[in-house]
Structures are given as C-alpha cells and as structure tokens.
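Asker: okay, predicted coordinates and the sequence, questions at the end:
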Amino acid sequence: MELVNLFIKSAFIENMIFTFFLGMCSYLAVSKTVKTAVGLGVAVIFVLLVTVPVNYMLETYVLKEGALAWMGSDYADVDLSFLSFIMFIAVIASIVQLVEMLVEKFSPALYGALGIFLPLIAVNCAILGASLFMQQKQFSNVGEATVYGVGSGFGWFLAIVLIAAIREKIKYSHIPAPLKGVGMAFILTGLMGLAFLGFLGFEL
C-alpha cells in the first residue's frame, strides 16, 4: 500500500510538469502530435526507471558520508557527496545514449520525428530533478526509489500525452492569432495544473 501511495503521489500530486514545471522545453516542443508525445513519454519513463534506482544505489553505497564503510573502517568517514551532481548526470547521460540508440534502431520514424529532443532528455531537468528529489526524500530502500522514478516518469508521460491530444483537437479551432501555438499551450498547461490540484486529496 505504501508503494502504491508513493506511485500515486509522484505521478499525480507531485507531477513533474504541473507541480514543479520541470521538463517544460521538451513538453512544449514535442507535444504537437500524440505519436511523438507518446514516444518521448515512454523514453522518459524508461530513463527514470533506470536512473533513479541506479543513482539511489550510487548515493547510498558510494557518495554520502559513511557510504564506503562497507570497504572497511578506514573509509567510514569518507564523504563524496560533493560529486553527486556530476555522477548523477553521468548516469543519466549514459542511459539516454542507450535509449537513443534503441529508438534509432527499432523505430527510425519516431527517431526522426523526435529529432534533437531525444538526446536532449539528458539535460531534461525533470530527469535530474527526480534523482535530486530522491536524494532529498531519503528513501529507505531501492524499491521505493524505483517506484518513485516510475511514478515520476508516468506523470510526465501523462502530462505530455494529454497536452498533445488537446493541441491536436484545437489545431483547427478559432483561436486569436497571438495565442496560437505556444501561447495556448501555456494557458492549457496552467488550467491542467489547476485540475491536478484536485489530486491533493487522493493519497491513500
């Protein structure tokens, strides 16, 4: 039940887009069609599924103060936490490179449609944000970190697919010229963010 609650909280209540506004660049640029939104959303879920637990293990057994105690008493006082940022980013960049190669091999059309925004997952602030939030929340085990990563990824996936579906529907609507494109996307994002506030009472 605790893991279910954690998943719901990370996906809906603490949604990366609608609560923290992280990953907005890719969210706005790739949400013009549902197909590309789904492709990028799945890629983000996979990256978070791998990077958050890997970074949790890295933090727990290597980086934080006393993490190297398993190597012997001489290392019990070693604190490598100052390397957290660069190590987290290195892990994220490696996994994104793997995802890019897989998408290019198995779905060239999607790879072409996503363009530069697929490798830019490496600098998507939602990806790094999930690892930093994981660090802040101090989960008790890697299972909780994994569920948090999947939930965060699912929340981001849900946000970009929803906005893409709406943008496809309103493409031919009568919208004032100054609001067409990104302007209307910002307005819709704000309204959806307000709607997601309703999930605040949804915790189990």
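Answerer: Happy to help now that I have it. Numbering: from 1, shown residues only.
Asker: how close does S81 sit to T60?
Answerer: As judged by C-beta to C-beta, to the nearest Å, S81 and T60 stand 11 Å apart. Glycine gets a C-beta too; all of them are placed from N, C-alpha and C.
Asker: the host helix or strand of S131: how far from the chain's middle?
Answerer: Using DSSP states H and E, S131 maps to helix 125-137. Centroid displacement of helix 125-137 relative to its chain, using C-alpha atoms, centre = their mean, to the nearest Å, is 9 Å.
Asker: moving C-terminal of it, what's the next helix or strand?
Answerer: Trace forward from helix 125-137 with DSSP H and E and the next one is helix 142-169.
Asker: by mean pLDDT, which helix or strand of this structure comes out lowest?
Answerer: helix 108-114 (a mean of 81; mean pLDDT, DSSP states H and E).
Asker: can you list contacts of that one?
Answerer: Applying C-beta atoms under 8 Å, 6 or more residues apart in numbering, the external contacts of helix 108-114 come out as V30, T33, K35, T36, G39, L40, A43, E100, V103, E104, L118.
Asker: at 7 Å what do you get?
Answerer: The contact list for helix 108-114 (C-beta atoms under 7 Å, 6 or more residues apart in numbering) reads V30, K35, T36, G39, L40, V103, E104, L118.
Asker: neighbours of the fourth one, how many?
Answerer: By other C-beta atoms under 10 Å, 21 other residues sit near G39.
Asker: contacting residues for it?
Answerer: G39 makes contact with L110, L114, according to C-beta under 7 Å, 6+ apart.
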